[in-house]
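Chemist: Let's see this in three dimensions:
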Amino acid sequence: MASLPLSVATSPTRYAAMIAGGASVGAAMLVLFVAHSVILAAAFLAAGIVVGGAVIAWRTLAPVAKAGPREIDWDFTRAVAEASADAVAVTDRAGRLVCANDAYEKMFDGFPTPPGLPLVGDGVAVLGKAGRAAWRDGRASASGFATDRQSLSTEIVRAGDESDMLVWRFVPIIDRDLGEIAADLIAGEAGDRLGASGVMAALVDANGRIRAGNRVLATRAIGRDEPLDGADFARLLITDSRGLVRFEREGLDGTPLRVVQMPVLMGEKSPILVALLDDTDTAPAIGASASAHVRSLVSLMPFGMALVDREGRFLQMNDSFVRAAGVDPTDPPLYPGDLVVREDKAAVADAIRRFAGGATHSSDMAVRLKGHPDEPVAMTIAGARGLGDASVLLSLKDNSEESRLKREVAQATKMQAVGQLAGGVAHDFNNILTAIMGHCDLMMMRHSPGDSDYDDIQQIRTNSNRAASLTRQLLAFSRQQTLRPQILQLPDVVAEVSNLLKRLMGETVKLDVNHGRALGAVRADPGQLEQVVVNLAVNARDAMLSANPTGGGTLTIQTKAVTAADVRAMKSDILPIADYTALIVSDTGGGIPAEILPKIFEPFFTTKEVGKGTGLGLSTVYGIVKQSGGWIFADTKPGQGATFSIYLPVHASAAASRVAPPPPPRPATKPAEMWGTGTILLVEDEDMVRAVAERALTRQGYTVLTAENGEIALELLASSGRPDLLISDVVMPMMDGPTMVRHARETYPDLPVIFMSGYAEEQLRKSIDIDAVSFLPKPFSVTQLAAAARDVMAGI
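Modeler: Model prediction:
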């Protein structure tokens, strides 16, 4: 252990019993973090308690002395650090290195002080940020930095009686396949342990070349302790007329060998682990001692492996196999078929019998385990020879994490695809609604309220508005609606809708609102967040009424601050580490069944009766939250209600501490005159929309030129000259609206332009890089179209 200059007090001290006990607890935690030894930590804690007891006795019998500064036993601390195989260092509040072990010196070629380590790229900045987080939160971690030799990760813990020390533990990140890991094991201490048991081991690639071998194999095969990497494995062996295998170096008088082959990975070109055992009896069956060696070898494998006898019963399962198969160690299965669902039992049993009967090749088959019937896993079955009672090798890959990630990716992909589909449907539907609403407006201009047809036309108009509301919900789910974000506080949003919620809940449902302290401001559209709260509340009310038709239940709305440390403690693979303000809505209904939970955010999915729900409530919530940069999670237990947790990131700018006041209401103005003059070029590929827009603008006094695509519009501009206004759709066949406008402004740079589209303005402005254009969302009424044309031509 290297000695370091330590800036610590050395004068003796006498502690009171309480301080001694507290110090022993803190030191025990330090030992547990550094050395990963529960026994050593417990021993150190017990020693501290004994010291505390001794201090009590001393203070009872001896006069009280003036307390002095404490003395830190750095020799003991270094001994504890040396017990860890990881690189460990301790720094004080002043940023000085006060202790480090030999592994630290070896990793960093000396004793540099963290975070100022010899790292490539921005590694020092990453460490510095983690160190500051550890001082603040008590614990932090970091990864993604590297020296010029290896990638590293670190864990940092604030420690010491006065929390004035940081303990840094650095661990290399191993990013290698199982073949490389197995090669290192065989060439290292694991290979030496096998050699001590009489097992000669080598990892052989698909070309028959040795990737790694233990020293006992090298000594027997070539007569000296040298690496066998790259050697032709077959050339080291010879076979006599009886089929017995010996080392070529020892000749036919050498000791016969048993050759056992085990695949390390799946695939034709994967390496094979070969174990050689002395067979002094030259009998077909392996000896009891060698059989024990093979079982030891199986237990060392880093992947799931099991041995099965000729009767199809398990002989051995290593720890990796137990984890991958979800085996209960207290009640292990007797047959491999006991691991799988009933439908797969026959196939597994037939494969075991086939390989036990003499089949020599290996086979992969997809099976469904009892514990996870919805997630097929790959089981490799191979025949084994020369392993005594064992006649079949089973290999099982623990892919639970991979399956979980696949499910999450598939769900996210499905939601994205459905969102794109919903956005496209909403766009096309908006075109149809524009035509319907426009014709209704034109008809209502010719009928007075007392007319017999007026009520029918008004009903068509009302239903069109309802349909337009559905398209807005579809756009919200597909994250293509137009938002008006502001800096706001979530309690203000909840307060705005609290009266509405009380009316929606009725007298039988209790509304309980709780707000946390020190809430960070968020940036979102207040109107859309109100829609989120209302949708979740209505769903909760319906769930409680379904569980208890006579009424009753409690709807709880809670806001709270969630720090980065809280997110880190949650250990979520989805929620990024950051500061959030959370909105949590929970109910006391019957909960959401597990089979329905993955589908609740899909559009048009509903469990309500026909005609009582559109299935767009939660999908709208999902779209608004995601478009606002947040995350939403649903948690439920049958019979205990459901909880929806929304995490919105705290706005990071300086304005986050100040909530922007709502814009002042515009003073009521008298309806302006819609009549106008001038020439308007109208470009729209949908005939029905173009027709109604042309009639509406003509009625207002404008001269209207029409074109069904961008190319025809440019021809009209060339032949008719500059119009007073250009109104164009965005998405059109052949030449789209933005491309056509760019060409038109090459000739008329100051040409006023209005884009109209069924897609959201926010989405389109990201793809349209054109200045001084206005936007008119579909569906629009005749009045809205006329007002937009008047405002643009008047320069408003």
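
Chemist: Tell me how far the residue positioned nearest the centre of the chain lies from Leu276.
Modeler: In the chain, the centroid-proximal residue (C-alpha atoms, centre = their mean) is Ile574; its distance is 3.0 Å. Distance, Ile574 to Leu276, using C-beta to C-beta, to the nearest Å: 49 Å. Any C-beta I mention is one placed from the backbone N, CA and C, and that applies to glycine too.

Chemist: ok, the closest residue in space to Gly629 that isn't next to it in sequence - contacts?
Modeler: Spatial nearest neighbour of Gly629, chain neighbours left out: Pro649 (5.7 Å); criterion: C-beta to C-beta, 6 or more residues apart in numbering. Pro649 makes contact with 522, 578-580, 629-630 under the criterion C-beta atoms under 8 Å, 6 or more residues apart in numbering.

Chemist: name the element Pro649 belongs to?
Modeler: strand 642-649 (DSSP states H and E).

Chemist: That strand: partners in the sheet, and parallel or antiparallel?
Modeler: strand 580-586 (antiparallel), strand 631-636 (antiparallel) (DSSP bridges).

Chemist: what residues does the first one touch?
Modeler: By C-beta under 8 Å, 6+ apart, the surrounding residues in contact with strand 580-586 are 490, 494, 519-522, 532-533, 536-537, 540, 555-562, 567, 630, 641-650.

Chemist: go on, the last one?
Modeler: The set of residues external to strand 631-636 that reach it, using C-beta under 8 Å, 6+ apart, is 574-575, 591-592, 597, 600-601, 621-622, 625-626, 642-647.

Chemist: Pull out the buried residues from those.
Modeler: Buried by 16 or more other C-beta atoms under 10 Å: 575, 591-592, 600-601, 621-622, 625-626, 642-647, out of those.

Chemist: Spatially, which two of those residues are the most separated?
Modeler: Gly591 and Lys626 (24.2 Å; C-beta to C-beta).

Chemist: ranges for the strands of the stretch 501-650 of the chain?
Modeler: Remark: strands assigned in the stretch 501-650 of the chain by DSSP state E, counting those that start in this stretch are 510-515, 522-524, 554-562, 580-586, 631-636, 642-649.

Chemist: again, but for the stretch 151-300 of the chain
Modeler: Applying DSSP E, counting those that start in this stretch to the stretch 151-300 of the chain gives strands spanning 151-159, 165-172, 200-204, 210-213, 237-239, 245-247, 257-263, 272-278.

Chemist: for these, which one sits closest to Met437?
Modeler: strand 151-159 (59.5 Å).

Chemist: Any idea how far the closest one is from the middle of the chain?
Modeler: 22 Å (C-alpha atoms, centre = their mean, to the nearest Å).

Chemist: one step back: what is the lowest-pLDDT residue among the contacts of Pro649?
Modeler: Minimum pLDDT for those is recorded at Gly629 (86).

Chemist: Out of the strands of the stretch 151-300 of the chain, the one nearest Gln528 is which?
Modeler: Among the strands of the stretch 151-300 of the chain, strand 151-159 sits nearest to Gln528 (C-beta to C-beta), with 39.5 Å.

Chemist: Go through this structure and flag its longest strand.
Modeler: strand 377-387 (DSSP state E).

Chemist: average pLDDT for the helix or strand that that one is followed by?
Modeler: Where DSSP H and E defines the elements, the next helix or strand beyond strand 377-387 is strand 390-396. Strand 390-396 carries an average pLDDT of 81.

Chemist: Point out the other helices and strands that strand 390-396 packs with.
Modeler: Judged by 3 or more C-beta pairs under 8 Å, 6 or more residues apart in numbering; DSSP states H and E, the packing partners of strand 390-396 are strand 304-309, helix 319-325, helix 342-356, strand 377-387.

Chemist: ok, then the element right after the longest one?
Modeler: Towards the C-terminus, the helix or strand next in line after helix 342-356, according to DSSP H and E, is strand 362-367.

Chemist: Partner strands of that following strand, with direction?
Modeler: strand 377-387 (antiparallel).

Chemist: can you give me the angle the partner strand makes with strand 390-396?
Modeler: 150 degrees (axes from the mean of the first three to the mean of the last three C-alpha atoms, to 10 degrees).

Chemist: what about strand 377-387, distance to the chain center?
Modeler: The answer for strand 377-387 is 35 Å, by C-alpha atoms, centre = their mean.

Chemist: Could you do stretch 786-796 as well?
Modeler: 48 Å.

Chemist: element containing the spatially closest residue to Ala133 that is not a sequence neighbour, please.
Modeler: Distances taken as C-beta to C-beta, 6+ apart put Ala140 closest to Ala133, at 3.9 Å, once the chain neighbours are dropped. Assigned by DSSP H and E, Ala140 belongs to strand 139-146.

Chemist: continuing past the strand holding Pro649, what's the next helix or strand?
Modeler: Following strand 642-649 in sequence, per DSSP H and E, is strand 679-683.

Chemist: and that next one, which strands flank it?
Modeler: strand 703-707 (parallel), strand 725-729 (parallel).

Chemist: just the CA coordinates of it, formatted as CSV?
Modeler: In CSV, the C-alpha atoms belonging to strand 679-683 read as follows (Å, rounded to 0.1, in the frame of the first residue of the first chain):
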residue,chain,number,x,y,z
THR,A,679,-57.2,39.5,-56.3
ILE,A,680,-56.6,36.3,-54.3
LEU,A,681,-54.8,33.2,-55.8
LEU,A,682,-56.2,30.1,-54.1
VAL,A,683,-54.1,26.9,-54.3
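
Chemist: roughly how far apart are Ala713 and Ala693?
Modeler: 14 Å.

Chemist: Asp350: how many residues sit nearby?
Modeler: If you count neighbours by other C-beta atoms under 10 Å, Asp350 ends up with 11.

Chemist: Please apply the same query to Ala159.
Modeler: 21.

Chemist: If it is in a bridge, with which residues?
Modeler: Assigned bridge partners for Ala159, using DSSP bridges, are Met165.

Chemist: thought it was touching Trp168?
Modeler: No. Using C-beta atoms under 8 Å, Ala159 is not in contact with Trp168; the gap is 10.7 Å.

Chemist: which residues touch the nearest residue to Ala347 once chain neighbours are set aside?
Modeler: Distances taken as C-beta to C-beta, 6+ apart place Met365 nearest to Ala347, at 6.7 Å, with adjacent residues excluded. Contacts for Met365 (C-beta under 8 Å, 6+ apart) come out as 347-348, 351, 378-379, 381.

Chemist: out of these, which are buried?
Modeler: 348, 351, 379, 381.

Chemist: Just the closest of those residues to Gly110, please.
Modeler: Met379 (49.8 Å).
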